[in-house]
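A.B. asks: Got a predicted structure plus its sequence, pasted below:
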Amino acid sequence: MERTLFIVKPDAMERNMAGQILAHVEGAGFHLVHARLANLTRAQAEGFYAEHKERPFFGDLVAYMTSGPVLLTTLERDDAVKKLREVVGATDPAQAAEGTVRKKFGIDKQRNSVHASDSPASADREIRFFFDRELATDATRA
């Protein structure tokens with residue numbers, strides 16, 4: 001089993017869609033391992049998205065991710081990272097495939113309702129960023 005980080009972002013939380021979104025991913029075979037509501041601080045958002053620091057959208061991204069509560073989750077299933085990326089869809093909801101989370105719930109490229117780790121290494125780092133170390137991906141986990 002593999003674990004991945006999944007975040008329901010402020011736009012979806014504001015529109016009361018967290019339950020529908022979680023039902024969608026659980027329906028795709030994911031198991032919810034851990035979840036908690038959080039209001040990200042500026043320092044947390046900047047740290048989490050540090051790889052984008054030099055990009056022009058960084059300031060707007062940080063402001064958006066600190067604009068309201070988020071639902072931080074760890075999901076688990078076989079091939080979790082790859083499968084969740086398929087279930088979530090393209091970053092831009094206008095480009096996302098029908099039936100994906102972002103197509104159904106996203107508003108635009110920034111307010112696309114969810115974050116999903118893009119690689120096993122990112123999943124490990126991101127889970128460790130928000131949760132205890134034992135929740136991170138472990139290749140030896142049965």
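C.D. replies: Thanks, I have the structure now.
A.B. asks: Tell me which stretches of the protein form helices.
C.D. replies: Using DSSP state H, the helices found in the chain span residues 10-14, 18-27, 42-48, 58-65, 80-88, 101-105, 120-130.
A.B. asks: packing partners for the second one?
C.D. replies: Where contact means 3 or more Cβ pairs under 8 Å, 6 or more residues apart in numbering; DSSP states H and E, helix 18-27 is packed against strand 2-8, strand 70-77, helix 80-88, helix 101-105. C-betas here are computed from N, CA, C, even on glycine.
A.B. asks: contacting residues around the last one?
C.D. replies: Okay, so that is helix 101-105. 12, 15, 17, 20-21, 24-25, 87-93, 96-97, 112-114 (Cβ atoms under 8 Å, 6 or more residues apart in numbering).
A.B. asks: hmm, 10 Å instead?
C.D. replies: 6, 8-9, 11-12, 15, 17-18, 20-21, 24-25, 28, 84, 87-98, 109, 111-114, 116 (Cβ atoms under 10 Å, 6 or more residues apart in numbering).
A.B. asks: Pull out the buried members of those.
C.D. replies: Among the contacts of helix 101-105, those classed as buried by 16 or more other Cβ atoms under 10 Å are 6, 8-9, 11-12, 17-18, 21, 24-25, 28, 84, 87-90, 93, 96, 111-114, 116.
A.B. asks: Phi first, then psi, for the nearest residue to Lys103 once chain neighbours are set aside.
C.D. replies: Leaving aside its chain neighbours, Lys103 sits nearest to Ala96 (4.0 Å; criterion: Cβ to Cβ, 6 or more residues apart in numbering). Note on Ala96: backbone dihedrals following degrees, to the nearest 10 are phi -70, psi 150.
A.B. asks: what's the burial count for Glu2?
C.D. replies: Neighbourhood size, Glu2 [other Cβ atoms under 10 Å]: 20.
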